[in-house]
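In: quick one: sequence plus predicted model below, questions after.
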Amino acid sequence: MKTLKKIPSFKTPQEEAEFWRTHDSTEYIDWSEAKKAVFPNLKPTTESISLRIPSTLLSRIKELANEQDVPYQSLMKVYLNDRVQHEIKSHK
């Protein structure tokens with residue numbers, strides 16, 4: 001295993017960015033020990049999509065959204081997210 005260099009202290013984020021632009025991180029960090037990072041509190045970017053669903057399903061979703069006094073697209077995002085989280089947990 002090679003000896004890693006010490007990461008210097010930086011006075012500004014710009015100074016740090018310039019350092020990493022001009023230096024090889026493998027001389028400072030053992031990437032074999034890296035783990036996947038999750039940042040749950042970052043505001044996700046959104047993307048517009050076109051989705052074809054049966055009109056009866058859309059009507060039911062709109063009824064449920066109306067009962068909960070939320071926009072139907074917001075309710076659909078909640079439902080989709082809940083299902084995706086369920087699937088992720090069941091595959092672990």
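Out: Now that the structure is in, tell me what you want to look at.

In: all helices of this structure, in order?
Out: 13-22, 55-68, 72-90 (DSSP state H).

In: ok, which of the ones you listed comes nearest residue 46?
Out: With CB to CB as the criterion, residue 46 lies closest to helix 72-90 of the helices of the chain, at 8.9 Å. No exception for glycine: its C-beta is placed from N, CA and C like everyone else's.

In: output the helices of the chain in a markdown table; the columns should cover distance to residue 30, mean pLDDT and mean neighbour count.
Out: Listed next are those as a markdown table, based on distance: least, CB to CB, whole Å; pLDDT from 0 to 100; neighbours: other CB atoms under 10 Å:
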| stretch | distance to residue 30 | mean pLDDT | mean neighbour count |
| --- | --- | --- | --- |
| helix 13-22 | 16 | 94 | 10 |
| helix 55-68 | 49 | 97 | 12 |
| helix 72-90 | 29 | 95 | 11 |
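
In: so can I have TSV of those showing distance to residue 2?
Out: Converted to TSV, the helices of the chain look like this (distance: least, CB to CB, whole Å):
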stretch	distance to residue 2
helix 13-22	19
helix 55-68	57
helix 72-90	37
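
In: which one of those helices lies nearest to residue 39?
Out: So among the helices of the chain, helix 72-90 is nearest, using CB to CB, at 15.9 Å.

In: the closest one packs against which elements?
Out: Applying 3 or more CB pairs under 8 Å, 6 or more residues apart in numbering; DSSP states H and E, we find helix 72-90 packed against helix 55-68.

In: so what's the gap between the helix it packs on and the chain middle?
Out: Its chain's C-alpha centre and that of helix 55-68 lie 28 Å apart, by CA atoms, centre = their mean, to the nearest Å.

In: what does that helix contact?
Out: Residues outside helix 55-68 that contact it (CB atoms under 8 Å, 6 or more residues apart in numbering): 71-72, 74-76, 79.

In: same thing but 7 Å
Out: 71-72, 75-76 (CB atoms under 7 Å, 6 or more residues apart in numbering).

In: same question, stretch 12-23
Out: In contact with stretch 12-23 (CB under 7 Å, 6+ apart) are residues 8, 10.

In: and if we set it to 10 Å?
Out: The contact list for stretch 12-23 (CB atoms under 10 Å, 6 or more residues apart in numbering) reads 5, 7-10, 25, 28.
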